[in-house]
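>>> Got a sequence here, can you build the structure:
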Amino acid sequence: MWTVNERGPNRVAIAYFPTKWGAMKHAVRVARAKRRCRVAVLQADGGVQLSHDYDQGPDPHSVETP
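The predicted model follows:
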């Protein structure tokens, strides 16, 4: 069983997947939908095995307001 934990200022969610591939696809899909996000694969003891930061930058179609 593989889990994907999502944390944000107003949200905490856990999704369960039967395969590692399914969990990774979901995690990357969520990361690409956010402005900034970090995806990390954790070892059994909680240490980070590998990670990747996603920084989409500002949306080119959005209008900044002062």
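
>>> tell me the secondary structure for residue 52?
Secondary structure, DSSP: H, G, I helix; E, B strand; the rest coil: residue 52 is strand.

>>> who's in contact with residue 14?
3-6 (C-beta atoms under 8 Å, 6 or more residues apart in numbering). Quick note: C-beta positions are derived from backbone N, CA and C, even for glycine.

>>> just the buried members of those residues?
residue 4 (16 or more other C-beta atoms under 10 Å).

>>> As JSON lines, the contacts of residue 14 with pLDDT would be great.
JSON lines is the format used below for these (pLDDT from 0 to 100):
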{"residue": "3", "pLDDT": "84"}
{"residue": "4", "pLDDT": "84"}
{"residue": "5", "pLDDT": "81"}
{"residue": "6", "pLDDT": "80"}
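
>>> For residue 22, state which of the contacts of residue 14 is nearest.
Checking the contacts of residue 14 against residue 22 with C-beta to C-beta, the nearest one is residue 4 at 9.2 Å.

>>> so what secondary structure elements neighbour whichever strand or helix holds the closest one?
In the assignment (DSSP states H and E), residue 4 maps to strand 2-8. Where contact means 3 or more C-beta pairs under 8 Å, 6 or more residues apart in numbering; DSSP states H and E, strand 2-8 is packed against strand 11-17, helix 20-33.

>>> who does residue 37 bridge with?
residue 54 (DSSP bridges).

>>> For it, give me its contacts.
30-31, 53-54.

>>> for residue 24, same thing?
Applying C-beta under 8 Å, 6+ apart, the residues near residue 24 are 39, 41.

>>> circling back: hmm, which two among the contacts of residue 37 are most spread apart?
The two members of those with the most space between them (C-beta to C-beta) are 30 and 53, at 13.7 Å.

>>> the more surrounded of the two?
residue 30 (16 against 10; other C-beta atoms under 10 Å).

>>> If anything else comes up later, I'll come back, but that's it for now.
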